[in-house]
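# 3D model of this:
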Amino acid sequence: MVGTTALTASPVLPPLPRLPMSIAADTMDRPLVLIVDDDEDMRSALRELMLSVGIDACCFGSTKELLHADLPERPGCLILDVRMPGASGLDLQQHLTLNGNTRPVIFLTGHGDIAMTVQAMKAGAVDFLTKPVRDQTLLDAVTAAIEKDVSQRAVARLVKQHVDRYAKLTPREREVLREVVKGRLNKQIAFDLGISEITVKLHRGNVTKKMQVTSIGQLIRIWELLPSEIRTERSA
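Numbering: from 1, shown residues only. Below you'll find the model as predicted:
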């Protein structure tokens, strides 16, 4: 069973560091748990627990230490204490979210209350656990968080792939794509855009090739995955 801890907090966080990508492929696929707790004994106990089940772990005594570290871009999660010297775990969670870092967070604290729990969970925390915590309870939360991160990363790679392909479409091809995913017929698209049906067919063919799809269903699913700023942009 993993134990207890303490201390206070205040925000003001530095910018997130860029995470280096030059790491061996096999290492990059291995999960990494980032532990932030001002209690050294607690950090050691958590790290040993992770290592005991084959999960790599890095420890930090404060949010500032974490934010100034050069971290590998690997799947995983954060285990955060709530109350620490300097910025709190809740401050760090908010900071990561604002900077687009979606790495899942698990809170583990000896000083939790209902308000903190609600705030953390509303902000997307995987779990909010109190010390002392059963090893299996924490490991179950870590497993769920890692699975969530792996899934998020897979979706992000897929979305980037679709965005890159969409970027290769001409303005007219994008217009045709928009109409196609609305279920419009070629003759309707031709009328609305003031072009011939044959031209619409040519553009549709180019869209399916560039987006690398073989059916309208695939095209619609890809469209729904594209960022909202692309789906809502106005035609030039």
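
# at which residues are the helices of this protein located?
Along the chain, the segments classed as helices by DSSP state H run 25-28, 40-52, 63-67, 89-98, 114-122, 135-166, 171-181, 186-193, 197-210, 216-225, 228-231.

# Met28 touches Leu71, doesn't it?
No: counting by Cβ atoms under 8 Å, Met28 does not reach Leu71; the two are 11.9 Å apart. Yep, even glycine has a C-beta here, placed from its N, CA and C like the rest.

# list the contacts for the one residue sitting closest to the centre of the chain?
Most central in the chain under Cα atoms, centre = their mean is Thr102, positioned 3.3 Å from the mean C-alpha point. Taking Cβ atoms under 8 Å, 6 or more residues apart in numbering, we find Thr102 in contact with 96, 124, 149, 152.

# for the last one, which non-adjacent residue is closest in space?
Nearest residue to Gln152, sequence neighbours excluded (Cβ to Cβ, 6 or more residues apart in numbering): Thr102, at 5.6 Å.

# next one: phi and psi at that neighbour?
Note on Thr102: its backbone torsions stand at phi -100, psi 20 [degrees, to the nearest 10].

# please tell me how far it sits from Leu108.
Distance, Thr102 to Leu108, using Cβ to Cβ, to the nearest Å: 20 Å.

# what's the answer for Val53, then?
16 Å.

# do Arg184 as well
Going from Arg184 to Leu108 by Cβ to Cβ gives 53 Å.

# low-confidence ranges, the chain, go.
Within the chain, the ranges that satisfy pLDDT under 70 run 2-27, 235-236.

# try 50
Applying pLDDT under 50 to the chain flags the ranges 4-25, 236.

# how is it carved up into domains?
Residue ranges for the domains of the chain, per automatic domain parsing: 25-154, 168-231.

# output these as a markdown table; include the columns distance to Gln161.
Converted to a markdown table, those look like this (distance: least, Cβ to Cβ, whole Å):
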| stretch | distance to Gln161 |
| --- | --- |
| domain 25-154 | 11 |
| domain 168-231 | 9 |
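
# winner for burial among those?
Highest mean neighbour count of those: domain 25-154, a mean of 18 (counted as mean count of other Cβ atoms under 10 Å).

# run the chain-centre distance for that one.
Centroid displacement of domain 25-154 relative to its chain, using Cα atoms, centre = their mean, to the nearest Å, is 14 Å.

# i'd like the first residue to be 54 from this point on
Shifting the count to begin at 54 puts that one at domain 78-207.

# isn't Gly139 right next to Glu118, touching?
No: using Cβ under 8 Å, Gly139 makes no contact with Glu118, being 9.3 Å away.

# with adjacent residues omitted, what lies nearest to the residue located most distally from the centre of the chain?
Among residues of the chain, the one most distant from the C-alpha centroid is Ser249; the distance is 43.3 Å, by Cα atoms, centre = their mean. What sits nearest to Ser249 in space, not counting adjacent residues and going by Cβ to Cβ, 6+ apart, is Ala243, at 5.9 Å.

# show me the contacts for the one you found.
Counting by Cβ under 8 Å, 6+ apart, Ala243 makes contact with 249-250, 252-253.

# and which of the residues you listed is nearest Met264?
The closest of those to Met264 turns out to be Val253 (Cβ to Cβ; 16.0 Å).
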